[in-house]
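K.L.:
prediction below, plus the sequence it came from.
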Amino acid sequence: MRMNKFERRIARYNDRSTAAFEAENFSRALRYNDRALALLAALGATGEWDVASAEVDIYLNRSTVLHKLGRIAEAIAAARSALAILTDLGALDDPVMIGLSAIAVRTVSSPTDLAAPDVLTLALAAARAKLWLATLLALDSGTVGAAEVDALGQSALAVYAFAADIDSSYKDDWETAFTNFALARLIVGHAHISSRDTRAAITIYEQLLSDCRRQFGAEDIRTVTMRVQLAEARVLEYEIRRGDAQVAIAKFEEESFDNLRNAGFEFR
């Protein structure tokens, strides 16, 4: 489909926003993102996948830029907007329904929307948006948003697991999704640590260690790092009881984030 002048300008602003982001000029990235959104509003709803897809990209880019600027609440709103668009487009999160819908798409010709993505591609796009939203919610609300963080992450992982089951080429995508969700859970764990609820944090770390061992094996760096994280949290629990809370928590958080980052626990 040939793009009209609005769509070309939107794509140009989106590309410039991405380039500014990569150059770590986040304020400029946001300005170009603002222009792209303004043009989208002028274009209006077209019902075309290409335009809707561009809108999703722009909102997710906006969310990433706002996160870098420390404006987490706004970043969450942008991520929710992207996820809402994908939901309106028909993104599914139930693996059974995804499978049934994929079969239906293969057996029923739909020549009117040849540019639309397949069912699984759309579901995976929504799953990735959910993982990003879960990470932002963990950063913003910590323990308060833990239930939504878990629900979003579990829903996204189910879609990635389904994709990997039916096509082994998605195995790396599933592994990345697992690590992204683990990061969100780790952030919640750190929120518990900050509020001196080490027992709740230890419960999260124990579950993550079990999950990493089951998925990657005992010698994988993520499993080893979670084993260290759990051991250090148990030491911290003792130190807090002994009365050295403030210094001990600060030391734990500083060393913990370095270790986790080195083990690959960063959103990708």
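P.N.:
Now that the structure is in, tell me what you want to look at. Residues are numbered from 1 along each chain as shown.
K.L.:
now the helices for the stretch 151-268 of the chain?
P.N.:
Ranges of helices in the stretch 151-268 of the chain, per DSSP state H, counting those that start in this stretch, are 171-194, 198-216, 221-242, 245-262.
K.L.:
closest to residue 123 out of those helices?
P.N.:
For residue 123, the closest of those is helix 171-194, at 11.9 Å, according to Cβ to Cβ. Every C-beta, even on glycine, is put in place using the N, C-alpha and C of the backbone.
K.L.:
now find how far off-centre that closest one is within its chain.
P.N.:
When C-alpha coordinates are averaged (Cα atoms, centre = their mean, to the nearest Å), helix 171-194 and its chain have centres 9 Å apart.
K.L.:
in it, what's buried?
P.N.:
173-193 (16 or more other Cβ atoms under 10 Å).
K.L.:
what stretches of the stretch 101-250 of the chain score poorly on pLDDT?
P.N.:
For the stretch 101-250 of the chain, residues meeting the criterion pLDDT under 70 lie at 102-117.
K.L.:
go again using 50 as the cut-off
P.N.:
Along the stretch 101-250 of the chain, the parts satisfying pLDDT under 50 run over 105-115.
K.L.:
wait, which of the helices of the stretch 151-268 of the chain is closest to residue 16?
P.N.:
Across those, closest to residue 16 is helix 171-194 (Cβ to Cβ), at 27.0 Å.
K.L.:
what residues are up against residue 92?
P.N.:
By Cβ atoms under 8 Å, 6 or more residues apart in numbering, residue 92 lies in contact with 98, 101, 119, 122-123.
K.L.:
now, those that are in helices?
P.N.:
Secondary structure from DSSP state H places 98, 101, 119, 122-123 of the contacts of residue 92 in helices.
K.L.:
with distance to residue 54 and neighbour count added, can I get these in JSON lines?
P.N.:
Listed next are the ones in helices among the contacts of residue 92 as JSON lines, based on distance: Cβ to Cβ, whole Å; neighbours: other Cβ atoms under 10 Å:
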{"residue": "98", "distance to residue 54": "24", "neighbour count": "23"}
{"residue": "101", "distance to residue 54": "24", "neighbour count": "18"}
{"residue": "119", "distance to residue 54": "20", "neighbour count": "21"}
{"residue": "122", "distance to residue 54": "15", "neighbour count": "21"}
{"residue": "123", "distance to residue 54": "19", "neighbour count": "28"}
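K.L.:
between those residues, which sits nearest residue 225?
P.N.:
Nearest to residue 225 among those: residue 123, at 30.2 Å, using Cβ to Cβ.
K.L.:
surely the closest one meets residue 94?
P.N.:
No - assessed by Cβ atoms under 8 Å, residue 123 is found out of contact with residue 94, at 9.1 Å.
K.L.:
got the angle for whatever helix or strand residue 149 lives in vs helix 171-194?
P.N.:
Residue 149 is located in helix 146-166, with elements delineated by DSSP states H and E. Inter-element angle recorded for helix 146-166 and helix 171-194: 160 degrees (by axes from the mean of the first three to the mean of the last three Cα atoms, to 10 degrees).
K.L.:
chain center to helix 146-166, what's the gap?
P.N.:
So, by Cα atoms, centre = their mean, the centroid of helix 146-166 is 11 Å from its chain's centroid.
K.L.:
again, but for stretch 118-137
P.N.:
Chain-centre distance of stretch 118-137: 7 Å, with Cα atoms, centre = their mean.
K.L.:
can you give the contact residues for the helix holding residue 149?
P.N.:
Contacting residues not belonging to helix 146-166 are listed as 93-95, 98-99, 120, 123-124, 126-128, 130-131, 133-134, 137-138, 170-171, 173-174, 177-178, 181, 184-185, 188 [Cβ under 8 Å, 6+ apart].
K.L.:
apply 6 Å and report the result again.
P.N.:
For helix 146-166, contacts defined as Cβ atoms under 6 Å, 6 or more residues apart in numbering pick out 93, 95, 120, 123, 127, 130-131, 133-134, 137-138, 170-171, 173-174, 177, 181, 184, 188.
K.L.:
over to stretch 56-72?
P.N.:
So stretch 56-72 is contacted by 14, 17, 21, 26, 29-30, 33, 36, 74-75, 78-79, 81-82, 85, 139-140 (Cβ under 6 Å, 6+ apart).
K.L.:
of those residues, buried ones?
P.N.:
14, 17, 21, 26, 29-30, 33, 36, 74-75, 78-79, 81-82, 85, 139.
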